[in-house]
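Participant: Just need the structure, nothing else, for what follows:
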Amino acid sequence: TLTLLLCICISLTAQNVLFRDNHITSVYIQMPADSVTKMIDQKIKDRYLRAKFICTGDTINDTIATVGIRLSGNTSLNSFKKTFKISFNEFTQGGRYRGLRKLILRGQAVDPTMIREALYYTVWNKFKLPKRRVGFAKLYINGEYRGLYTNIEDMDKEWIQQNYAVDSGNLYKCTWPADLAYIGPDQQQYKDIYHDSETRAYELKTNESADNYSDLVTLITKLNLPNNANFESEIRSILNVEGVLKAFAMDVCFGNWDDYFY
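Facilitator: Numbering: from 1, shown residues only. The predicted model follows:
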């Protein structure tokens, strides 16, 4: 038991090095020059390209021979300073880096101070909402300095396991026009908003093979077609109301223009 606890403590301490607010790590990406040009010019965000990953800091000096890298974001794809997503398991089954499957390097194109998101999640965590960890990193691609980035852990299966007692539910990535509007009882309608078999506004990130959107349809139905007599008890049975209200309060306080409340 002592050995197990020691290993756990060492692992958690090492992993937290990436998300310290008093230290900046350096991330070096090495990949063929034509791949970099292709990724940037073609705004590749639908697939990962192979790269070598090196991360250094005051207590770390790590190298991973093969990772995946792609652009991330929507409107930020048109910004000079891109946002990148690095996947440690794209080309290596079960691959992890300090407990992470993926790492997001966010360019903060609309925040030249680079501090808004870090402050946001500092307050977010004090509100005891599902924990998000943020740090800072300098990014170099093929030796060229690309600037200061915020590095943030991805909201994925590992993140769910860390924050929730049950990790078997559905995780959705929602992009416009996923506005929680009711468009009917058939879950297929919510899958086909874009009328594109490859793209979904409500994108399922877990349990993809089951592809069951019934929980989402139930939530949207309750929100838009409430039974007034029992609405409070019914909505609380499927939604963490206090958590949602805290998140909305956070968004108002920090001026988030890209959320459901807005």
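
Participant: Which residues are in contact with the residue nearest the centre of the chain?
Facilitator: Centroid-nearest residue in the chain, with C-alpha atoms, centre = their mean: D154, separated by 3.4 Å. D154 makes contact with 85, 100-104, according to C-beta atoms under 8 Å, 6 or more residues apart in numbering. Backbone N, C-alpha and C define where each C-beta goes, glycine included.

Participant: May I see the residues you listed organised as CSV, with pLDDT added?
Facilitator: Shown next, in CSV, are the contacts of D154 (pLDDT from 0 to 100):
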residue, pLDDT
K85, 95
L100, 90
R101, 91
K102, 92
L103, 93
I104, 94
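
Participant: Next SSE downstream of the helix or strand of the chain with the lowest mean pLDDT?
Facilitator: Of all helical and strand segments in the chain, the minimum by mean pLDDT, DSSP states H and E falls on helix 2-16, at a mean of 42. Per DSSP states H and E, the first helix or strand lying C-terminal to helix 2-16 is strand 24-30.

Participant: returning to that earlier point: please read off the pLDDT at the residue nearest to the centre of the chain from the model.
Facilitator: Note on D154: pLDDT of 85.

Participant: returning to that earlier point: out of the contacts of D154, who's the most crowded?
Facilitator: L103 (24 neighbours; other C-beta atoms under 10 Å).

Participant: downstream neighbour of the helix or strand harbouring that residue in the secondary structure list?
Facilitator: In the assignment (DSSP H and E), L103 maps to strand 102-106. Next along the chain after strand 102-106, taking DSSP H and E as the criterion, comes helix 116-126.

Participant: where does W257 land on pLDDT?
Facilitator: Looking at W257, its pLDDT stands at 78.

Participant: Can you tell me how far the spatially most distant residue from the centre of the chain is from V241?
Facilitator: Within the chain, the residue lying farthest from the chain centre (C-alpha atoms, centre = their mean) is A229, at 37.2 Å. For A229, the distance to V241 (C-beta to C-beta, to the nearest Å) stands at 17 Å.

Participant: Then T56?
Facilitator: 44 Å.

Participant: Of the two, which one has the most company?
Facilitator: More neighbours surround T56 than the other of T56 and V241, with 15 against 11 (other C-beta under 10 Å).

Participant: For the longest strand along the chain, what does the pLDDT average out to?
Facilitator: The longest strand of the chain (DSSP state E) is strand 61-72. Averaging pLDDT along strand 61-72 yields 96.

Participant: for stretch 24-37, same thing?
Facilitator: The model assigns stretch 24-37 a mean pLDDT of 96.

Participant: residues of it that come out buried?
Facilitator: 25, 27-29, 31, 36 (16 or more other C-beta atoms under 10 Å).

Participant: What's the end-to-end length of that stretch?
Facilitator: End-to-end distance of stretch 24-37 (C-alpha to C-alpha, to the nearest Å): 27 Å.
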